[in-house]
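Peer 1: dropping a prediction and its sequence here:
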Amino acid sequence: DAGVIQSPRHEVTEMGQEVTLRCKPISGHNSLFWYRQTMMRGLELLIYFNNNVPIDDSGMPEDRFSAKMPNASFSTLKIQPSEPRDSAVYFCASSRSTSGRRNEQFFGPGTRLTVL
Amino acid sequence: QKEVEQNSGPLSVPEGAIASLNCTYSDRGSQSFFWYRQYSGKSPELIMSIYSNGDKEDGRFTAQLNKASQYVSLLIRDSQPSDSATYLCAANSGNTPLVFGKGTRLSVIA
């Protein structure tokens, strides 16, 4: 089975440009998470979706960040305009969310974003 | 504020020894606990999950959970240089998102 797929794997852009990161969750998973990882702050949850609906976006740092999940197999994270401090690795993860305890989350390979 | 705390390390152990990684969590309502391994430049990889007090063994890995002390640990027996990575502890309750610790860097010296 394919795991979580993310694209692009690397993105280098200039300050002020729009950046769009893409994610395809594992088939059958109904929860999707966007994280950002930096050396200083570790792994931070930005936003998560349940059944394509955004549940909690309190981790989104600013209005420059937005995320969508138009269907169960695709999500985007957009930064507009981008700034150098947005440079980080962005991970997408998915899980099969149930009423029980077993919400094991699986991560994609990440997108390494560099904003010059 | 729900928090998961880990010693950042680095934790250095000789090859063949037991590596012991520890984690504490603040939310008493946490029900599920996970250990992820992250190699440099790679994404976190789920290696163990534990839900009940006690020990859970999988190969060279043993996860231990003590809910009364709000403490989770991961033991790696017969440590190998390939185990050198950052280990992330995570916890959640029900359908809430995982709360991650900042990770412990493990170095296994050949």
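Peer 2: All right, it came through fine.
Peer 1: for chain B, which residues are neighbours of chain A?
Peer 2: Taking C-beta under 8 Å from any C-beta of the partner chain as the criterion, the neighbours of chain A within chain B are B:31-32, B:34, B:36, B:42-46, B:49, B:51, B:88, B:90, B:92, B:94-95, B:97-98, B:100-103. Backbone N, C-alpha and C define where each C-beta goes, glycine included.
Peer 1: again, only using 6 Å
Peer 2: For chain B, the contact set with chain A under C-beta under 6 Å from any C-beta of the partner chain comprises B:Q31, B:S32, B:S43, B:P44, B:L46, B:S49, B:Y51, B:N95, B:P97, B:L98, B:F100, B:K102.
Peer 1: among those, which ones are buried?
Peer 2: Using 16 or more other C-beta atoms under 10 Å in any protein chain shown as the burial test, the residues of chain B next to chain A include B:Q31, B:S32, B:S43, B:P44, B:L46, B:S49, B:N95, B:P97, B:L98, B:F100, B:K102 as buried.
Peer 1: quick one: least confident of those residues?
Peer 2: Minimum pLDDT across these is recorded for B:N95, with 71.
Peer 1: and the next helix or strand past the worst-scoring helix or strand of chain B on mean pLDDT?
Peer 2: Taking mean pLDDT, DSSP states H and E as the measure, chain B has strand B:99-100 as its least confident helix or strand, at a mean of 92. Elements were assigned by DSSP states H and E; along the chain past strand B:99-100, the next helix or strand is strand B:104-109.
Peer 1: got the CA positions of that next one in PDB?
Peer 2: C-alpha atoms of strand B:104-109 as PDB (Å, rounded to 0.1, in the frame of the first residue of the first chain):
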ATOM      1  CA  THR B 104      15.700  12.500  22.300                       C
ATOM      2  CA  ARG B 105      18.700  12.100  20.100                       C
ATOM      3  CA  LEU B 106      20.200   8.600  20.500                       C
ATOM      4  CA  SER B 107      23.700   7.800  19.400                       C
ATOM      5  CA  VAL B 108      24.900   4.200  19.400                       C
ATOM      6  CA  ILE B 109      28.700   4.000  19.400                       C
END
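Peer 1: among the buried ones among the residues of chain B next to chain A, which ones are in strands?
Peer 2: Counting by DSSP state E, these place B:S32, B:L46, B:S49, B:F100 in strands.
Peer 1: note down every partner strand of the least confident helix or strand of chain B and its orientation.
Peer 2: Taking DSSP bridges as the criterion, strand B:99-100 forms sheet pairs with strand B:85-92 (antiparallel).
Peer 1: that older thread, ok, the buried ones among the residues of chain B next to chain A vs A:R9, which is closest?
Peer 2: Nearest to A:R9 among those is B:S43, at 10.8 Å by C-beta to C-beta.
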